[in-house]
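In: Fold the following.
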Amino acid sequence: MIQSTVDNTVFVETTPDWSKPVVVTTTWKTGIKQNREGGEQRTCGRNAPRLTIRFQDSSITPKAQALRRAEAMTQLRSAVVVPIWVEYGIASSFGTNSVVLTATITSLKFKVGSWIYVVQGANKCFRKIVSVSSATINLSSDSGDIYPLSFTWGSLSGGARVYPCVLGGRVSNGYTFRYGRVDRSEEEFEVEEL
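Out: Sure thing, here's the model as predicted:
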């Protein structure tokens, strides 16, 4: 069980191994009851669908795998923020607490209360979403709602990639490592939205 989505949040910046599947699943929670006439009545258990992302990072050396496994153990029961690597928008401009994309946002994956991941060369950061309107994403002004904390937002400019993120927990509250060879292993990330 996730203890808090605010304290000790884990931000995953690991990019997928694109030679392996990157899967984003959208699921609704639907209840089905039979009525007296033998028909079915469906009820929606959620206001919005739940997202799950699954991908792998391959060719991890034994030393890196040991470090990642130790880090993983300290992160259990923490909320996880991971970019949805298969979908992004291009930024046209940045404000103090906002980003404007080059096109109107039609994706429902940019969710209020979740995060965005912005990448432009070596500049990379996560910011928490406050509202989404047309092509503008307004972001939290709280200093705790940016990662890394020391990141300078003003270092970004038009052309940056803006990814929506999944704010969730690791499926079954665990990590999966696969050992393909003695000198290489794979880490599988699977995060389900809260």
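
In: Would you mind confirming that residue 9 is in contact with residue 75?
Out: No - between residue 9 and residue 75 no contact is recorded; they are 9.7 Å apart, counting by C-beta atoms under 8 Å. Yep, even glycine has a C-beta here, placed from its N, CA and C like the rest.

In: With neighbour numbers in mind, choose between the two.
Out: Neighbour totals were compared for residue 9 and residue 75, and residue 9 leads with 20 against 16 (other C-beta atoms under 10 Å).

In: what residues are up against the closest residue to residue 132 other than its chain neighbours?
Out: The spatially closest residue to residue 132, leaving aside those adjacent along the chain, is residue 110, at 5.0 Å (C-beta to C-beta, 6 or more residues apart in numbering). Applying C-beta atoms under 8 Å, 6 or more residues apart in numbering to residue 110 gives the contacts 116, 129, 132, 137, 164.

In: try 10 Å
Out: Contact criterion C-beta atoms under 10 Å, 6 or more residues apart in numbering gives 84, 87, 89, 101, 116, 129, 132, 137, 162, 163, 164, 165 as the residues in contact with residue 110.

In: Centroid-wise, who is the farthest residue in this protein?
Out: The outermost residue of the chain, judged against the average C-alpha position, is residue 37 (43.9 Å), by C-alpha atoms, centre = their mean.

In: Kindly indicate whether that residue is helix, strand or coil.
Out: Following DSSP: H, G, I helix; E, B strand; the rest coil, residue 37 is assigned to coil.

In: Relative to residue 82, how far out is it?
Out: Distance, residue 37 to residue 82, using C-beta to C-beta, to the nearest Å: 45 Å.

In: Residue 96: how many residues sit nearby?
Out: For residue 96, the count of nearby residues is 8 (other C-beta under 10 Å).

In: Hmm, I typed the wrong one, I wanted residue 158.
Out: Counted with other C-beta under 10 Å, the burial measure for residue 158 works out to 13 neighbours.

In: what does residue 136 give?
Out: Other residues lying near residue 136 total 16 when counted by other C-beta under 10 Å.

In: for residue 97, same thing?
Out: 16.

In: cool, and residue 127?
Out: By the other C-beta under 10 Å criterion, the neighbourhood of residue 127 contains 22 residues.

In: If we ignore the residues flanking it in sequence, what's nearest it?
Out: Per C-beta to C-beta, 6+ apart, closest to residue 127 is residue 139, 4.5 Å.

In: Alright, that wraps it up for me.
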